[in-house]
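Enquirer: What follows is a predicted structure for the sequence shown.
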Amino acid sequence: MATVTLDRPVVAAPGRVGGTVTGTGTLLRFMLRRDRIRLPAWTLGLALLMGYFATALETFVESPEDLEGLTAFSGSPAGALFGGPGFGFDALTIERFLAGQYGLYVAIGAGLMGLLTVVRHTRAEERSGRAELIRANVVGRHAQLTAALVLAATMAAVVAILIGGLMASRGYDLGGSLLFGASVGAVALVFAGVAAVTVQLSEYPRAASGAAGALLGAAFVLRGLGDMAAAQGSGGAWLSWLSPIGWSQQTAPYVYDRWWPLAISLAFAVTAAVGGYALSARRDFGAGLVPPRPGPARAAAWLDGPLALAFRLHRASLIGWSVGLLAAGLAYGSFTQPLLDGFTDAPEDMVAIMGGAENLLDGYLGTMGLTMALAVGVYTVLAMQTLRAEESEGRAESVLATAVSRSAWIGSHLAVTAVGVPWLLLVAGAGMGVGAAVSTGDAGSFGGLLLGHVAHTPAVWLLLAAAAVLYAVVPRALPLIWVVLGYGLVVGYFAPILEIPAGAVRLSPFAHVGEHPLEEVSVVAVMVLTVLAVVTAQVARLAFRRDVVGRT
């Protein structure tokens, strides 16, 4: 078990012995020390991502006519799905486009930052045993949660200031820039509050972060459905107001400059945090309000082996992802026809990107295949982080003390996760196919849609294998794999708009197979990516043949 050494003991101030937040300041300083690399990586990373979008767009837009060419698409249901409600797009400016289209993705990153920070410093600490050592000092019951929330709020404020200052430094309106930065920070605050609740429900950090992440995904879907409905003038626009992401976008920076929607975000974050405090008082230390289901007294025969153990550990996550991707596929598929209608007035270059006027359906379905592949990529990265948790919490040591070899242990987890990749892509494609068939009244593209989704399997396998190598060689470097996934997202969606060179696009593993049914599946790319994935996975297994205890 890992140990924790504080700079000095946590000593309560006079008259505060036994206070529920005693020691919060010392714990906060300790968390800041632990996150001395993670904090600037998150905050500067989000700000630099926004800066990249701004620089690339300013390079691409050379005249007012270029902006006018983006207006039709951005204000369509398709633009609303991938960007937002499009406030002020009737008189489009660069800053309005940045806030209305690219701000969504920075806000999602901020939400992940907030929820992961709270889970890392609360439930993960309890699970590892470090919180027990800290609580042996004079530390209040709510001190750890309070310090984690203060840290998350600090990171949200830093992100807001950096993004607001960056936008203002480019000559954009100061008030709108500050509001835009605050709207991004508000998403981080909201999901920090959400995590304060989910960490009380389960005794496992993975379940807590998974539940909070599922709510972030639901917020994205609700916002997308509501904004699409608003763009096509039908009912359902109110769905955006059920989403914390939607609250931030409703501030309309550089257009209406409305600060009051952020009051909803702040009220929700405070309410969620208060709920987290209330729930924490109703559970025992180290336990969750939702107790784990007791297993049978005797294990089944099929559980005798590392492969069965790996499947058992990943089973709940696989089921949850299956349900989530099926629901997402059905939701996005059901809006296929409205999206196609929204492209009727799109500029010619945008229509060409989607495959031309005669291939809009195939172009949209191909893009959604890439979207689902990126989502399954998230699943694989989280699966590899499970191995990191198994090791740091001491359970891997117990397994490896038996006749199970190190290569067999990591190989079993890789095998289970690898089998889950085509399954999840198949489920997502089936949901998308059913939704599209109902929306368009034509089921002829169902088979091609399934193929287009499953064809991305080798690219996701290569991402999984790369994550395994990072974990096997330098476990602390595992979060770097998110950079690969994020790069795949940027070049997959924005390469034509941002004019990213073809050579840079090919660095993404998701850029080679082809977006079927718009493009033919490259059999050569499938074979090469599969071989690369197998070889890389074998490298990970060989690199893991050393003592895992105390690895950094």
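Expert: Ah, there it is. Since this is a predicted model, take the numbers as computed values, not measurements.
Enquirer: any idea whether residue 399 is helix, strand or coil?
Expert: At residue 399 the chain is in helix, as set by DSSP: H, G, I helix; E, B strand; the rest coil.
Enquirer: How many residues are close by it?
Expert: Using other C-beta atoms under 10 Å, the number of residues around residue 399 comes to 16. Where you see a C-beta, it was placed from the backbone N, CA and C, and this is true even at glycine.
Enquirer: Quick check: phi and psi at residue 291.
Expert: The phi/psi pair for residue 291 (degrees, to the nearest 10) reads phi -70, psi 150.
Enquirer: how about the nearest residue to residue 383, chain neighbours excluded?
Expert: Distances taken as C-beta to C-beta, 6 or more residues apart in numbering put residue 417 closest to residue 383, at 4.3 Å, once the chain neighbours are dropped.
Enquirer: ok, and that neighbour, which helix or strand is that part of?
Expert: helix 406-440 (DSSP states H and E).
Enquirer: Give me the contacts around the very next helix or strand once past that helix.
Expert: Sequence-wise, the next helix or strand downstream of helix 406-440 (DSSP H and E) is helix 446-454. Applying C-beta atoms under 8 Å, 6 or more residues apart in numbering, the contact partners of helix 446-454 are 362, 365-366, 369, 372-373, 422, 425-426, 428-430, 432-434, 436-437, 515-517, 521.
Enquirer: Same check on stretch 373-380?
Expert: In contact with stretch 373-380 (C-beta under 8 Å, 6+ apart) are residues 317, 321, 325, 328, 417, 420-421, 424-425, 428, 453, 456, 459-460, 463-464, 467, 485, 488-489, 492, 510.
Enquirer: Need the residue closest to the centroid of the protein.
Expert: residue 112 (5.9 Å; C-alpha atoms, centre = their mean).
Enquirer: quick one: pLDDT of that one?
Expert: For residue 112, the model assigns a pLDDT of 90.
Enquirer: swap in residue 415?
Expert: 93.
Enquirer: thinking again about what came up before, what's the separation between the residue nearest to residue 383 and residue 387?
Expert: Distance, residue 417 to residue 387, by C-beta to C-beta, to the nearest Å: 10 Å.
Enquirer: Residue 511 too?
Expert: In terms of C-beta to C-beta, residue 511 sits 28 Å off from residue 387.
Enquirer: Check residue 24 too.
Expert: Applying C-beta to C-beta to residue 24 and residue 387 gives a distance of 33 Å.
Enquirer: can you check residue 132 too?
Expert: Taken as C-beta to C-beta, the span from residue 132 to residue 387 is 24 Å.
Enquirer: what do you get for residue 277?
Expert: 33 Å.
Enquirer: quick one: which of those two has more around it?
Expert: The neighbour count for residue 277 versus residue 387, taken as other C-beta under 10 Å, is higher for residue 387 (25 against 18).
Enquirer: Report pLDDT for the more buried one.
Expert: The model's pLDDT for residue 387 equals 83.
Enquirer: and the spatially closest residue to residue 384 that is not a sequence neighbour, which of the three is it?
Expert: Nearest non-adjacent residue to residue 384, counting by C-beta to C-beta, 6+ apart: residue 467, 4.2 Å away. Following three-state DSSP, residue 467 is assigned to helix.
Enquirer: Could you report the neighbour count for residue 467?
Expert: By other C-beta under 10 Å, neighbour count at residue 467 equals 29.
Enquirer: Touching, it and residue 381? I think so.
Expert: Yes: Residue 467 is within contact range of residue 381, at 5.6 Å (criterion: C-beta atoms under 8 Å).
Enquirer: which neighbours do the two share?
Expert: residue 481.
Enquirer: Can you show me the strands along this protein?
Expert: With DSSP state E as the criterion, the chain has no strands.
Enquirer: Can you give the domain ranges for it?
Expert: With domains defined by automatic domain parsing, the chain comprises 31-291, 304-552.
Enquirer: Give me whichever of the ones you listed is most buried.
Expert: Scoring the domains of the chain by mean neighbour count under mean count of other C-beta atoms under 10 Å gives domain 31-291 as the most buried, with a mean of 20.
Enquirer: how long is that domain from one end to the other?
Expert: 28 Å (C-alpha to C-alpha, to the nearest Å).
Enquirer: Next, please give the residue ranges for the helices of the stretch 451-552 of the chain.
Expert: 457-473, 481-498, 502-505, 523-543 (DSSP state H, counting those that start in this stretch).
Enquirer: Only C-alpha atoms, please: export the shortest one in PDB.
Expert: Spelled out, it's helix 502-505. The C-alpha coordinates for helix 502-505 follow below in PDB (Å, rounded to 0.1, in the frame of the first residue of the first chain):
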ATOM      1  CA  ALA A 502      -2.400  15.700 -45.300                       C
ATOM      2  CA  GLY A 503       0.800  14.400 -43.700                       C
ATOM      3  CA  ALA A 504      -0.400  15.700 -40.300                       C
ATOM      4  CA  VAL A 505      -3.800  14.100 -40.800                       C
END
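Enquirer: What is that helix packed up against?
Expert: When contacts are defined as 3 or more C-beta pairs under 8 Å, 6 or more residues apart in numbering; DSSP states H and E, helix 502-505 packs onto helix 481-498.
Enquirer: what angle separates the helix it packs on from helix 457-473?
Expert: Using axes from the mean of the first three to the mean of the last three C-alpha atoms, to 10 degrees, the direction of helix 481-498 lies 140 degrees away from that of helix 457-473.
Enquirer: Could you give the separation of the helix holding residue 417 from the chain centroid?
Expert: Distance of helix 406-440 from its chain centroid, counting by C-alpha atoms, centre = their mean, to the nearest Å, is 17 Å.
Enquirer: what do you get for stretch 264-281?
Expert: On C-alpha atoms, centre = their mean, the centre of stretch 264-281 falls 22 Å from that of its chain.
Enquirer: ditto for stretch 99-111
Expert: Mean-position distance between stretch 99-111 and its chain equals 12 Å (C-alpha atoms, centre = their mean).
Enquirer: Kindly report the same for stretch 530-543.
Expert: Centre to centre, stretch against its chain (C-alpha atoms, centre = their mean), the figure for stretch 530-543 is 26 Å.
Enquirer: CA atoms only: put that stretch into PDB for me.
Expert: What follows is stretch 530-543 as a C-alpha-only set of coordinates in PDB (Å, rounded to 0.1, in the frame of the first residue of the first chain):
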ATOM      1  CA  THR A 530      -4.300  -4.700 -37.200                       C
ATOM      2  CA  VAL A 531      -0.700  -5.900 -37.500                       C
ATOM      3  CA  LEU A 532       0.600  -2.700 -35.800                       C
ATOM      4  CA  ALA A 533      -1.900  -3.200 -33.000                       C
ATOM      5  CA  VAL A 534      -0.800  -6.800 -32.500                       C
ATOM      6  CA  VAL A 535       2.900  -6.000 -32.500                       C
ATOM      7  CA  THR A 536       2.400  -3.000 -30.200                       C
ATOM      8  CA  ALA A 537       0.400  -5.100 -27.800                       C
ATOM      9  CA  GLN A 538       3.100  -7.800 -27.800                       C
ATOM     10  CA  VAL A 539       5.700  -5.000 -26.900                       C
ATOM     11  CA  ALA A 540       3.500  -4.000 -24.000                       C
ATOM     12  CA  ARG A 541       3.300  -7.600 -22.700                       C
ATOM     13  CA  LEU A 542       7.100  -8.000 -23.000                       C
ATOM     14  CA  ALA A 543       7.800  -4.700 -21.300                       C
END
